[in-house]
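J.: Need coordinates for the below:
(one chain, ligands or ions: 1)
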Amino acid sequence: MRAALIQLNSGDDPEVNLPITQGFVADAAKAGAGFVLTPEATNCVSTSRTWQNQVLHHEAEDPTLAALCAQARELKIWLLIGSLALKTDDQDGRFANRSFLIGPDGEIIARYDKIHMFDVNVSATETYRESQGFRPGNSAVVADTAYGRLGLSICYDLRFPHLYQALAQAGAQILTVPAAFSAVTGGAHWMPLLRARAIENGCYVLAPAQTGTHQARRGKQRRTFGHSVAISPWGEILSDGETRPGVNVFEIDSDEVATARRRVPSLSHIRPFDGPDA
Ligand SMILES: O=C(O)CNC(=O)[C@H](CS)NC(=O)CCC(=O)C(=O)O
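T.: Residues are numbered from 1 along each chain as shown. Sure thing, here's the model as predicted:
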């Protein structure tokens, strides 16, 4: 079954990003993909909370979400919107970083709020404090599609393997990792972490990514790593989007999950243990 990863270079203006995203989704469907995935922050890559307060919406009024649900229905495709930055009713004014699974009749099948916040100094000059702008989620999510059971995650979640093990133990066959990985950490860590998650859980890993230098009217310009990849349950790279925005098509065969797990049944060998006592 054919699927596609969309690689984006989203800027900080959702009205500019939407038609570009819609164009790639249409291209993916034309290429025969029945399941299409977009990266984290599909609607807005920004470092300015002031700017985000001007351009972001609550989920119920978000134009990107409404338009992409309508497009999924028109094209009759499964669509994972890797994430949207959305306003919430939180007292402290923080946004949600929320992934959406849309079904072929355009309705929202599942939502997932990013659990782990990227509060990291990646170099002397590049620091992130995601938790200042975004409110973390507290719930892991799986959802069934025609392509298999998905386990949802976002970007920095990739560094917390127990989340993926919990998803796999809940029956996930496909782990989604939409991302806006920093260019600095991406070169060192992106590929090995993704392949490890696929191998240790016997799951497909689908990781649509942001790429390049991101246009910003306010705040700092950010650079992301690109290399959207689809990885088989055996750990093979099925497609690599390199560093240009665009569409990458690949095939998913859910039998491959069973085959990989039969060859190395580590998922069924998980045992409880005592200690270590700290
Ligand atoms: O803020 C936005 O616009 C969208 N969200 C992101 O870009 C997030 C939080 S800053 N990025 C990551 O989680 C990168 C993780 C990473 O690079 C690593 O784990 O090394």
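J.: residues in contact with V25?
T.: For V25, the contacting residues are 6, 36, 38, 68, 71, 75, 77, 79, by C-beta atoms under 8 Å, 6 or more residues apart in numbering. Placement of C-beta: from N, CA and C, glycine included.
J.: now do E126
T.: Residues in contact with E126, defined by C-beta under 8 Å, 6+ apart, are 182, 184.
J.: What segments of the stretch 51-200 of the chain are helices?
T.: 63-75, 130-133, 161-169, 183-185, 191-201 (DSSP state H, counting those that start in this stretch).
J.: And for S239, the neighbour number?
T.: One way to gauge burial is a neighbour count; for S239, by other C-beta atoms under 10 Å, it gives 18.
J.: Next: F95.
T.: Using other C-beta under 10 Å, F95 has 20 neighbouring residues.
J.: Beta-bridge partners for it, please?
T.: Beta bridges link F95 to F134 when assigned by DSSP bridges.
J.: and if you look at Q210?
T.: Using DSSP bridges, the beta-bridge partners of Q210 come out as L8.
J.: next one: L152
T.: For L152, the beta-bridge partners under DSSP bridges are T176.
J.: For it, give me the pLDDT.
T.: At L152, the pLDDT value in this model is 98.
J.: And it, how far from A140?
T.: 8 Å (C-beta to C-beta, to the nearest Å).
J.: next one: I231
T.: When distance is defined by C-beta to C-beta, I231 is 20 Å away from A140.
J.: circling back to that earlier point, so can I have CSV of the helices of the stretch 51-200 of the chain showing mean pLDDT?
T.: Rendered in CSV, the data for the helices of the stretch 51-200 of the chain read as follows (pLDDT from 0 to 100):
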stretch, mean pLDDT
helix 63-75, 98
helix 130-133, 95
helix 161-169, 98
helix 183-185, 95
helix 191-201, 98
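J.: can you tell me which of those comes nearest to H214?
T.: H214 sits nearest to helix 183-185 of all these, at 10.7 Å, using C-beta to C-beta.
J.: picking that back up, which one of the contacts of V25 has the most neighbours?
T.: Going through the contacts of V25 with other C-beta under 10 Å as the criterion, the one with the most neighbours is T38, at 33 neighbours.
J.: Now L84. Nearest residue, chain neighbours left out?
T.: The shortest distance from L84 to any non-neighbouring residue, by C-beta to C-beta, 6 or more residues apart in numbering, is to N43 (4.9 Å).
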